[in-house]
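Enquirer: What shape does this take:
(one chain, ligands or ions: 1)
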Amino acid sequence: MKILFAASEAAPFVKVGGLGDVMGSLPAELCKKGIDARVILPLYSAIKPEMRDKLEYITNINVGNSWRNSYCGIFKAEVKGVTYYFIDNEQYFHREKVYGSMDDGEIFTFFSRAVLEVLPVIDFIPDVINANDWHTAMVPVYLNAFYRDREEYRNIKTVLSIHNIEFQGKFNPYVLGELFGLDVCHKSLMMYDGDINVLKAGIESADIVSTVSRQYAEEILHPEHSFGLYHILNARREKLRGIVNGIDTDVFNPATDKAIKTKYDIKRLQNKRFNKSDLRKQMALSDSEDIPLIGMVTRLTSQKGLDLFYPILGELSKLPAQFIILGTGSEEYENLVRGWEASCHEKVRGVVMFSSEMASKIYAGADIFLMPSKSEPCGLSQLIAMRYGTIPVVHTVGGLKDTVMPYNPETKEGWGVTFQSYDSYDFLDAVKRAIGLYYDKENRKAIRKNAMSRDVSWDNASEEYIAMYKELVKGDN
Ligand code: GLC
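Expert: Residues are numbered from 1 along each chain as shown. Sure, this is the predicted structure:
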């Protein structure tokens with residue numbers, strides 16, 4: 001079976017968030033299981049030179065959309081047995097940031113057309129195109145609008161995977177023809193609530209809509225979590241699926257991670273504490289084994305639960321624990337963590353930067369990991385924390401609910417600490433419970449072992465993807 005993932009990012013080429021991690025690991029797992037899974041990406045200038053060196057030029061074509069007729073270079077590279085194709089166009093992809101330009105609409109409509117145009121050129125006609133988020137949600141729309149009458153395209157099925165429903169690609173209705181190259185007969189498909197809404201059109205056009213956890217698939221059917229799209233999804237709930245993400249367990253592995261000082265695994269768990277000492281030294285925090293170190297690696301945004309901190313900063317500062325928060329994001333929350341460090345310098349570090357090396361040191365060195373997200377489609381950080389034997393404290397929402405089972409000291413089952421309502425004091429209580437478990441040596445050991453024995457790889461999840469693709473392809477015959 002042939003699958004083509006169309007995406008706006010994929011590690012190790014270009015990664016902004018969790019989508020990049022998924023595109024850097026799921027296709028490889030599918031290939032291991034005999035699926036011919038490939039990925040197609042924009043050739044951003046942000047791709048690092050060492051990765052650019054791996055690219056091989058194939059050819060170039062022109063891609064038309066509306067009145068435009070644009071250059072489209074095609075490159076490819078192979079990583080971990082997976083073929084990655086790249087669409088080159090300097091005007092669109094030579095820019096510092098991957099998302100958030102004024103012309104995002106033009107960039108991604110070009111890319112989505114290009115994905116479809118290059119298929120016969122690269123000689124890869126997939127059984128299924130799996131688009132991801134709004135950036136590539138036009139692929140199923142264009143496929144239906146312009147390509148179905150061509151023999152090669154007739155049987156291609158489509159999946160649209162939603163990694164975050166908050167971002168929908170909304171545009172002024174006036175650009176339907178000029179930018180999207182569509183005429184008035186596509187208007188009702190493209191429009192929602194007064195705007196052109198690309199994600200909505202993708203949801204209506206794709207054969208299956210998947211999202212990245214079972215719980216999130218349920219949540220987005222309701223107004224609180226769907227950012228307006230619950231009507232659309234409810235009307236199509238029979239084609240909605242939720243498959244929990246895995247992580248690349250070769251990359252995130254405390255037994256081999258080059259960024260951490262002392263390697264460890266479940267059998268050498270006692271070595272974890274050397275990483276705690278190392279991290280404290282680097283952060284100039286006092287090194288006493290008695291005190292738990294609480295870490296957080298996150299985008300500093302309200303989606304990630306940062307607003308919960310405000311009312312309880314004083315109380316958190318009084319707890320017998322140290323805190324390290326790593327991340328970048330909105331100015332407001334960058335100032336929040338900097339300010340907390342300044343007011344409680346003996347216990348708190350707010351490290352405002354993006355560093356995967358520092359992230360590894362925190363996953364390995366911390367005892368407890370905070371993830372109080374307001375909403376969380378899946379969440380990968382809690383899975384990484386578990387892999388490193390670091391106890392997750394999570395709000396039971398989305399993928400956090402699916403992946404973190406609260407620890408029960410009676411039965412010694414479970415591997416995390418959870419809180420149910422999105423409330424600062426419930427969060428504070430969960431942090432206190434996690435600290436309590438840390439001070440209870442027997443339970444501390446049990447909970448860490450439970451966390452580390454979880455299978456957070458793509459092994460099971462990739463089987464669910466395969467079953468979904470088979471269901472689609474079989475339905476055709
Ligand atoms: C997005 C979501 C996150 C998910 C990731 C990968 O970043 O916010 O929850 O894990 O995509 O699917």
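Enquirer: Could you show which parts of the stretch 51-200 of the chain are in contact with the ligand?
Expert: For the stretch 51-200 of the chain, the contact set with the ligand under Cβ under 6 Å from any ligand atom comprises 163-164. C-beta: built from backbone N, CA, C; applies to glycine.
Enquirer: so where's this protein uncertain?
Expert: 475-477 (pLDDT under 70).
Enquirer: For the residue in it that the ligand sits nearest to, list the residues it contacts.
Expert: Per Cβ to the nearest ligand atom, residue 18 is where the chain lies closest to the ligand, at 2.5 Å. Contacts for residue 18 (Cβ atoms under 8 Å, 6 or more residues apart in numbering) come out as 163, 245, 377-380.
Enquirer: The same query, at a cut-off of 6 Å, please.
Expert: Residue 18 makes contact with residue 380, according to Cβ atoms under 6 Å, 6 or more residues apart in numbering.
Enquirer: measure it to residue 299 for me?
Expert: 10 Å (Cβ to Cβ, to the nearest Å).
Enquirer: and the next element down the chain from the longest helix seen in the chain?
Expert: Of all the segments assigned as helix in the chain under DSSP state H, the longest by residue count is helix 104-122. Later in the chain than helix 104-122, the nearest helix or strand by DSSP states H and E is strand 128-132.
Enquirer: Go through the strand ranked longest in the chain and flag the buried ones.
Expert: The strand that spans the most residues within the chain, counting by DSSP state E, is strand 68-79. For strand 68-79, a neighbour-count test (16 or more other Cβ atoms under 10 Å) marks 70, 72-77, 79 as buried.
Enquirer: of all those residues, which comes closest to residue 314?
Expert: Checking the buried residues of strand 68-79 against residue 314 by Cβ to Cβ gives residue 79 as the nearest, at 47.9 Å.
Enquirer: list the contacts for the closest one?
Expert: Residue 79 touches nothing, counting by Cβ under 6 Å, 6+ apart.
Enquirer: what do you get for the one 3 residues further on?
Expert: Contacts for residue 82 (Cβ under 6 Å, 6+ apart) come out as 27-28, 31.
Enquirer: Going by neighbour count, which of these comes out on top?
Expert: residue 27 (30 neighbours; other Cβ atoms under 10 Å).
Enquirer: Would you check how far apart it and residue 221 are?
Expert: Counting by Cβ to Cβ, the gap from residue 27 to residue 221 is 28 Å.
Enquirer: How about residue 203?
Expert: 12 Å.
Enquirer: quick one, which of the two is more surrounded?
Expert: Using other Cβ under 10 Å as the criterion, residue 203 and residue 221 rank with residue 203 on top: 25 against 15.
Enquirer: who does the strand or helix carrying that one touch, helix- and strand-wise?
Expert: Assigned by DSSP H and E, residue 203 falls within helix 198-205. Other elements packing on helix 198-205 under the criterion 3 or more Cβ pairs under 6 Å, 6 or more residues apart in numbering; DSSP states H and E are helix 138-142, helix 187-190.
Enquirer: Out of those helices, which is the most enclosed?
Expert: helix 138-142 (a mean of 27; mean count of other Cβ atoms under 10 Å).
Enquirer: Relative to whichever helix or strand comes after it, what are the paired strands and their orientations?
Expert: Using DSSP H and E, the helix or strand that follows helix 138-142 in sequence is strand 157-162. For strand 157-162, the pairing partners within the sheet under DSSP bridges are strand 128-132 (parallel), strand 208-211 (parallel).
Enquirer: quick one, phi/psi of the residue of the chain closest to the ligand?
Expert: The phi/psi pair for residue 18 (degrees, to the nearest 10) reads phi -60, psi -30.
Enquirer: before we move on, what about residue 408?
Expert: Backbone geometry at residue 408, expressed as degrees, to the nearest 10, gives phi -120, psi 110.
Enquirer: ok, it to residue 82 distance?
Expert: Counting by Cβ to Cβ, the separation of residue 408 from residue 82 is 40 Å.
Enquirer: so what's residue 54 up against?
Expert: Applying Cβ under 6 Å, 6+ apart to residue 54 gives the contacts residue 77.
Enquirer: Please identify which helix or strand holds it.
Expert: Using DSSP H and E, no helix or strand contains residue 54.
Enquirer: buried stuff in stretch 322-342?
Expert: The neighbour-count check on stretch 322-342 (16+ other Cβ under 10 Å) flags 322-327, 329, 333-334, 336-337, 340-341 as buried.
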